[in-house]
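In: give me coordinates for this.
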Amino acid sequence: MYVETTVRTFVDFYRDRSHLVVPDGSLIPPPGDPVLFTTSGMHPLTPYLEGRPHPLGRRLVNVQRCLRTTDLDEVGDDTHLTVFQMLGSWSLGDYPGTQSLTWGYELLRDGFGLGSDRLHVTVFGGSDVDRVGPDLESLRVWERLGVPIEMTTDENWWSNGPTGPCGPDSEIFVWTGEGPPRGTPTSDDGWTEVWNHVMMRYRRLGDGTLVPVTPESIDTGMGLERMLTVLQGKRSVFETDVFEPWMTSIPRLWPLDERTLRIVVDHLRSSIVVIGDGVRPSNTLRGYVLRRLVRRVLTMLWRDDPDRTLGDLPESLIEHTTDHFRLSSSPREILLGEERRFRDLLRRGRSVLSRRRSTGPLTDDDYRQLHETHGVPRELVDLIL
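Out: Modelled structure (predicted):
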């Protein structure tokens, strides 16, 4: 698969530069972490980016599976996914951002074959509020390499929350639009962001004060699926080889419009990974996220045909995903159990609604009571209606 070559090219590049490989971790953060899921490659490394010594040293590289619920409403477009993989490299106070950017350019040019004529970067232009000047170090690197630059403000300032490590970042874009490159990343959608290099040069204190940190730590993140879209010359992440078995098999099983197909494929694939990492459907926390993914799929499938079932999902697709993410258990029985519960809820909802509709159109209070008293959420009510 092309994906294996891309991963190997990235990891080997940094291994040749003395970076050690951090194993891919679960989507489930360690105990005590308040975040529901691992949302980025740097998330598991937060304590080390804040100063704790890492057992593997100060130069690290890995491929980390991630999940972001903040992008759920965007899934279905050309670039957003619920579960995705992030290629990352880190310097824990070992080398500066200028070295990271130089290596990044060399990898894109020599490893992935992307010349500067297809590249554009953004660089932090300074902030009057925080009294931080423009990132001149990054600016000079890109000028020396001959890559077009756009200066921005908030778009190129990274932070891990209201307090803690923060600093300027430099985002790298590749032209994927029609015709020759034009405009800038903020003015033309033809520029696709593929890689971000964060220079953690400051720490924000509780009162908002910025304190310089030396030596700085570096965090870079490249979305694997988005990079594959660029390298394979595809229109969307769903056209890459990562999704090829899904996008070939599902339309034969369930005819769907393109956006619905993408959402169904994304959510089923993501559900398989989440279940493989030990999550089970429930009404709270991680289990609720999984339940929402599965039930959103079922809602879309049953709009056209209520007899559709996840039991028809080919085993080959499940195996393709579990093999790709190195998961050991099959999620089929868990998916089917959630489908049965949802069907029961649907039948109960129809019964309740058949009595309520005789009183006239539903109000917001009706929706609220149906949810709180009978467990029928608004989207299910709308589906029944």
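In: this structure: strands as residue ranges?
Out: Secondary structure of the chain, counting by DSSP state E: strands at 20-21, 59-67, 83-91, 119-124, 149-152, 157-159, 164-175, 191-204, 210-223.
In: of these, which is nearest residue 4?
Out: strand 59-67 (10.8 Å; Cβ to Cβ). Just so you know, the C-beta spots here come from the backbone N, C-alpha and C atoms, and that holds for glycine as well.
In: any chance of JSON lines for the strands of the chain, columns mean pLDDT, mean neighbour count and distance to residue 315?
Out: Below are the strands of the chain laid out as JSON lines (pLDDT from 0 to 100; neighbours: other Cβ atoms under 10 Å; distance: least, Cβ to Cβ, whole Å):
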{"stretch": "strand 20-21", "mean pLDDT": "98", "mean neighbour count": "14", "distance to residue 315": "31"}
{"stretch": "strand 59-67", "mean pLDDT": "97", "mean neighbour count": "22", "distance to residue 315": "22"}
{"stretch": "strand 83-91", "mean pLDDT": "97", "mean neighbour count": "24", "distance to residue 315": "20"}
{"stretch": "strand 119-124", "mean pLDDT": "98", "mean neighbour count": "24", "distance to residue 315": "42"}
{"stretch": "strand 149-152", "mean pLDDT": "96", "mean neighbour count": "17", "distance to residue 315": "47"}
{"stretch": "strand 157-159", "mean pLDDT": "93", "mean neighbour count": "18", "distance to residue 315": "42"}
{"stretch": "strand 164-175", "mean pLDDT": "95", "mean neighbour count": "23", "distance to residue 315": "37"}
{"stretch": "strand 191-204", "mean pLDDT": "95", "mean neighbour count": "22", "distance to residue 315": "34"}
{"stretch": "strand 210-223", "mean pLDDT": "95", "mean neighbour count": "19", "distance to residue 315": "28"}
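In: kindly reformat those strands as TSV containing distance to residue 378.
Out: Shown next, in TSV, are these (distance: least, Cβ to Cβ, whole Å):
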stretch	distance to residue 378
strand 20-21	46
strand 59-67	24
strand 83-91	26
strand 119-124	40
strand 149-152	39
strand 157-159	35
strand 164-175	37
strand 191-204	34
strand 210-223	32
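In: and those: which comes nearest residue 74?
Out: Using Cβ to Cβ, the strands of the chain put strand 83-91 closest to residue 74, at 12.1 Å.
In: strand partners (parallel or antiparallel) of that closest one?
Out: Applying DSSP bridges, strand 83-91 is found paired with strand 59-67 (antiparallel), strand 210-223 (antiparallel).
In: same list (the ones you listed) but as TSV, adding distance to residue 263.
Out: As requested, those are exported to TSV (distance: least, Cβ to Cβ, whole Å):
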stretch	distance to residue 263
strand 59-67	15
strand 210-223	18
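In: circling back: looking at the strands of the chain, which is closest to residue 277?
Out: strand 59-67 (8.4 Å).
In: nothing else from me, thank you.
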